[in-house]
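*Asks:* quick check, what structure comes out for this input:
(chains A, B and C)
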Amino acid sequence: MRYGMAIDTAKCVGCSDCVVACQTENNVPIGYCRDWIVENVNGSYPNVEIELRSERCNHCENSPCVRCCPTGASHIIDGGIVMVTHNECIGCGACIQSCPYDARYSHPDGYVDKCTFCHHRLEKGQNTACVEVCPTRCLHFGDLDDPYSDVSKALKNRTWKVLAPEAGTKPQLFFLT
Amino acid sequence: MKTRRDFIKVSAAGAGAAAIGLSALNWNGVNKAQASNSQHPVSDEEMTSFPTYCEVCFWKCAGWTYVDKSNNIRKIIGNKEDPHCSGRLCPRGTGGVGMYTDNDRLKTPLIRETVDGKQGFRKASWSEALDLVASKMKDVSENHGPESFALFNHGAPGAHFKHLLHAYGSDNEGEPAWAQCRGPREVGFSATYGSWIGSPEPTDIRDTDCLVLIGSHLGENMHNGQVQEVSTAIERNATIITVDPRLSTIASKSKYWLPIKPATDLALLLSWIHVLIYEDIYDKKYIEQYAIGFEQLKDHVKNMTPEWAYGITTIQPDVIRKTAREMANASPSVIVHPGRHVAWYGDDSQRERAIAILNALLGSWGKRGGFYFKEAVKVPSYPHPKYPHPHWSWKDNLDGKYPLSAMGITTELLKASIPEFDYKHQIKAWIVAGTNLPLTIPNKELFQLAAESVDFIAVVDTMPMDITGYADVILPECTYLERYDTIRSAPHREPNIALRMPAVEPKWESKPSWWIAKQLGERLGLGSYFDYDDFSEVLDWQLKQMGTSLDEMQKIGIKIFPRKSGPLYLGDGEEYSFNTNSGKIELYATEFEDHGFDPLPKFTKHPEPEEGFYRLIYGRAPMHTFSRTSNNPNLHDLMDTNSVWVNPKVADLWDLEKGQKVWLQNQDGVVSTFPIKVRITERIRWDSVYMVHGFGHNNKKLTRTYGRGASDANLITNIMVDPMMGGTGMRGNFVTFLTTDPGMEVEI
Amino acid sequence: MKEELFISGRDIPNIDPFLNIWHWEIPVYLYLGGLSAGIMFFAGLFTILDKEKEMETTVKWAPFLVPVALVLGLFALFLDLKHQLFFWRLYTTIRIESPMSWGAWTLMFITPLSMVWAAVYIKELIPGWNWKINIVDQFEEFVKKNMKPLAWAMMGLAIVLGVYTGILLSAFNARPLWNTSILGPLFLVSGLSTGLAAIIWMSKSHFERKVLTKIDIALICVELFLIIHLFMGFLAGSAVSIEAAELFLGGPFTTTFWGGVVILGLIIPAILETLELAGYKVPVWIPSFLVLLGGLLFRFIMVEAGQITRFLY
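*Replies:* Numbers count the residues shown, from 1 in each chain, chains lettered A, B, ... in the order given. Alright, predicted model coming up:
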């Protein structure tokens, strides 16, 4: 089993519902976030293109944050989800330095926090909060090993890219183009 | 505007500190964190959920408020059965929690008082505040008649205060939804099809093959169900044609983006009509069966060729032809969208007429993928004595002006409040409920003059919005998560109703609007109009009449009813009578003709910016509703200010830098109170600037949003009024940049 | 025109607009670690070479600085931690792939070792010093008999520590400025050089200073070579490496780096030291002070500039 997410940039309108839904679901303090929206504008008027991306932890297969963690607080669980055990984290910041996506932040309580793919919801058979709320249904989540999962189906018929593949982290977030 | 990617520039900006490593000397850096509330996520089973429908915008999606064991509202999730949202709230609905938690909320009733010549507010008890409002209402009624008491409202509180005002004897009410927003389209479509568009719009975007947007920025305008359907249309590979001087989000997802010269849309629409008719690609059968006035129309648009339109709109003739053919190919599964906020240039009803005509030529009204026949459930009204008949109403004050206005015109009510305008009937006092007039009504001067002229203003709101600064009495309303409200029954494909019930007790001393209205009613001796102890009794009575009950609705939140008015779409060749003068679709609008207006839309040229000035275009961001949400902690966190979008060429000319703060000055010399950050972007035309509406609050009690960004409403002083319905066209304002502080920040 | 911005989210403290999660604590920690490594390396080296007599400051007196520096360094590291109550978690596991982990463990061994080394010479420093505890006296005897193996261990660990201060940074693939294998040797050499500078400043023996100054000049030359190599590597690298180098080649760190670190911290002290060797009178403290300051500045700049560099996507 290998969880992954596909983000359909053709449908995303950048409304940021995923951001606020994550905050309320996971009790992320105001001023912090586990996911965010990036807008890219290219070209010159009137030949302009926009790309909107809902970004979050890439739950990399080759995750530098897990490697550099001195205590093992950052670890990978079943399904390839990168997790942080709060009371093992010393807050040294090494994982924050190691992440090419700047997906981690230092929680005001001291430990490092990040997207968990809503692990507590997956355990109950629910989808992640961001996927559940997205009004344009541009987020697809599921088991990449299962050809019939939402994410596998989304990837099958579309072209996609990952972010900063040259970082060699093997990210599990796929942006449908 | 947050940006970081081009790091070299970013660090160069802070080079002073960076270059000597001084920023590394910050002890743990800046910490903007507030007291953290480090709890793990709570699973849904450990919470109780209460049905509600959203009040953050007026799409009114139904959802569930989740409350944890310590009585904290944790989240709001959409109701899966609700056709408005299909279980997915928009960011504002999800962030609605912040409306409840916001510490800046109005906590107690407040009464204006003067101490040592300085005006301020003092806390008051509910009974004192209500007594004062009631006594003022009595005074006005005795001295000037109840009609002199006007109501400005928006959203759910409106219904309760309308009831109060009608019982009291006035029907002078206005909401910005008409003259500042949707009025023109209702007039244009009503004259053509005998039907309003209404909200939610009966556009069958879900099934359309071609969607044409005239300046509508769906996706930024986050009307939930509609955006969801657009996403479905994108998935189905529908052709989207967007006409907008700005590369809006939806324009970037469109097959055709027509970067039109602002204020020339009508010319484009007429040339499309020309192409459809003269290339003989309109829906002949449909027009023959359902429409009148085709020959007049054909004659009218004879010379309105794409070449003619090119000179006006700057859109290439071949693009005009190609897009017209795309529409015709998709016909009847095509929607030329009527838009929502359409009060732009003062000839808006005529532009909407052109849109309505275009849809008729494409045969899309009443067709799958076009406009469906909406239906709503009728909610029976709770028994009460007959309302007294007012001696005059806002319409009598118009003296035959704006004959097609169907709802109170806010700006006219304001003028009637100012003796200098010498209206037949004078407005003497206001209740303002749920609308922030100073940031909503264009021409702030008019508003301020009116506010100074009236004897008394009571404001009902949840937040210390700018309007509360003008109040004599402020009545704190609790948020939608803490109250019962009227049943939501909005037209849709399937008739449906939704319930709003309190999830928690009202915070502080805030109270629901129904309670405030009832208390005032009782003090005015109108108790018989409020014959209940709790609004839930009203709801239960109404719901039982409709075959359900409060009990059942509390469990399900939303109930779908079977359609009674017939199928969603017209059958092939089906007989159908439209609610127009002729019973047909009126390509030639007899209603307009009767009132002396052009029965066929004509293009009129609108003023253009002078050198050094740029047309001010404003719009919405998906995470905010007007100026209502900018202080909401959750939504403020998503977007904390607006910025002014400037084309790079213009930025070069003015030597503007990204993120630089500027003040905007309009053609009448009005300067924005606060500075606004520059966003240099290719997404905007060189002859225009763009900003998101709803920022630039000038009340320090709004601790988060005070002074952040600029208010477009303040810069809109040239208003082009629609002679048919009183719409306030707001897009004829031009601004220039001031790069040094003009010193505008004076407290109100 | 290319434009990239956050629509929502982010603007997180210490992450945006550019990463700034490590402040003064980490460069100070790296600096003190490097300095300690330098002193210990040469103390060990000259013990092995049987030069305790001639190189008294190097072998005996300067090492008294080491435990102090290491404890201060560790304290700085502790201050940097945001979840300090869980500090002990560092020592419940060994994470081979985590430089932070093996740094913590290296310090766990090297700090007591440096204390033992200092303790051995405390009687010479303070005449009449008495441990007053039998076991300690016995242990001292034991250590004195085994100074050579101890010196070897200390030299080894000093190299590990010196290299570690660089690898802590270079292990971060996500920060292009750091992500180069030269950083380990560069930080080691720089650490050795600052260590030497401290010893030279302390030493009163003309002979000792002359020996050490020669070594220092050589080390500075190696360091300059490594710095040039570092930038050649960046400029021959990918876009992100080039952008990282540009921070120093025309970017905001240009003046402080080339002026402060390279010229004031390396070239001028090297010249002064050469002049001194050639017989000119130069106050001893000036080149040493410049080298020490340059080393500190170097670490501050590397930590700060490195955090700004990132992958662009």
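*Asks:* number of residues surrounding residue 86?
*Replies:* As the question left the chain open, I've gone with chain A. 18 (other Cβ atoms under 10 Å in any protein chain shown). Just so you know, the C-beta spots here come from the backbone N, C-alpha and C atoms, and that holds for glycine as well.
*Asks:* nope, chain B please
*Replies:* Neighbour tally, residue B:86, other Cβ under 10 Å: 17.
*Asks:* then residue A:83?
*Replies:* Residue A:83 has 18 nearby residues by other Cβ under 10 Å.
*Asks:* quick one: contacts for it?
*Replies:* By Cβ atoms under 8 Å, 6 or more residues apart in numbering or on different chains, the contact list for residue A:83 reads A:74, A:75, A:76, A:77, A:116, A:119.
*Asks:* what's the ChimeraX line that selects buried ones from the residues you listed?
*Replies:* Those of those that count as buried under 16 or more other Cβ atoms under 10 Å in any protein chain shown are selected in ChimeraX with:
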select /A:74,75,116,119
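*Asks:* could I get the contacts of residue A:83 as a markdown table with distance to residue B:79, secondary structure and pLDDT?
*Replies:* Output for the contacts of residue A:83, formatted as a markdown table (distance: Cβ to Cβ, whole Å; DSSP: H, G, I helix; E, B strand; the rest coil; pLDDT from 0 to 100):
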| residue | distance to residue B:79 | secondary structure | pLDDT |
| --- | --- | --- | --- |
| A:74 | 38 | strand | 96 |
| A:75 | 38 | strand | 96 |
| A:76 | 36 | strand | 96 |
| A:77 | 33 | strand | 96 |
| A:116 | 26 | coil | 96 |
| A:119 | 26 | helix | 95 |
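*Asks:* out of the contacts of residue A:83, the closest to residue C:76 would be?
*Replies:* residue A:74 (23.1 Å; Cβ to Cβ).
*Asks:* pull the contacting residues for the closest one.
*Replies:* So, once contact is read as Cβ under 8 Å, 6+ apart, residue A:74 ends up touching A:63, A:65, A:66, A:82, A:83, A:84, A:89, A:95, A:112.
*Asks:* list the beta-bridge partners for it.
*Replies:* residue A:84 (DSSP bridges).
*Asks:* so how far is residue A:89 from it?
*Replies:* 8 Å (Cβ to Cβ, to the nearest Å).
*Asks:* now the common contact residues for those two.
*Replies:* Joint contacts of residue A:74 and residue A:89 (Cβ under 8 Å, 6+ apart) are residue A:112.
*Asks:* present the contacts of residue A:74 as TSV; the columns should include pLDDT and secondary structure.
*Replies:* Output for the contacts of residue A:74, formatted as TSV (pLDDT from 0 to 100; DSSP: H, G, I helix; E, B strand; the rest coil):
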residue	pLDDT	secondary structure
A:63	95	coil
A:65	96	helix
A:66	96	helix
A:82	97	strand
A:83	96	strand
A:84	96	strand
A:89	95	coil
A:95	96	helix
A:112	95	strand
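*Asks:* make a ChimeraX selection of the buried ones in the residues you listed.
*Replies:* Applying 16+ other Cβ under 10 Å to the contacts of residue A:74, the buried members can be selected in ChimeraX as follows:
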select /A:63,65,66,82,83,84,89,95,112
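*Asks:* just to revisit the earlier point, between the contacts of residue A:83, which is closest to chain C?
*Replies:* Relative to chain C, the closest of the contacts of residue A:83 is residue A:74; by Cβ to the nearest Cβ it sits at 9.5 Å.
*Asks:* give me the phi and psi for the spatially closest residue to residue B:380 that is not a sequence neighbour.
*Replies:* Computed as Cβ to Cβ, 6 or more residues apart in numbering or on different chains, the closest residue to residue B:380 that is not its neighbour in sequence is residue B:545, at 4.6 Å. Backbone geometry at residue B:545, expressed as degrees, to the nearest 10, gives phi -60, psi -30.
*Asks:* how far away is residue B:545 from residue B:631?
*Replies:* From residue B:545 to residue B:631 the distance is 39 Å (Cβ to Cβ).
*Asks:* what's the answer for residue C:147, then?
*Replies:* Counting by Cβ to Cβ - residue C:147 and residue B:631 are separated by 71 Å.
*Asks:* between those two, who's got more neighbours?
*Replies:* Applying other Cβ under 10 Å to residue C:147 and residue B:631 shows that residue B:631 carries more neighbours, namely 27 against 17.
*Asks:* for the more buried one, give me phi and psi.
*Replies:* phi -100, psi -10.
*Asks:* packing partners of the helix or strand hosting residue B:350?
*Replies:* Assigned by DSSP states H and E, residue B:350 belongs to helix B:348-361. Helices and strands touching helix B:348-361, by 3 or more Cβ pairs under 8 Å, 6 or more residues apart in numbering or on different chains; DSSP states H and E, are helix B:183-193, strand B:210-214, helix B:265-278, helix B:284-290, strand B:334-337.
*Asks:* now for the following helix or strand past it, which elements pack on it?
*Replies:* Per DSSP H and E, the first helix or strand lying C-terminal to helix B:348-361 is helix B:410-416. In this structure, helix B:410-416 makes packing contacts with strand B:149-153, strand B:173-174, helix B:444-453, judged by 3+ Cβ pairs under 8 Å, 6+ apart.
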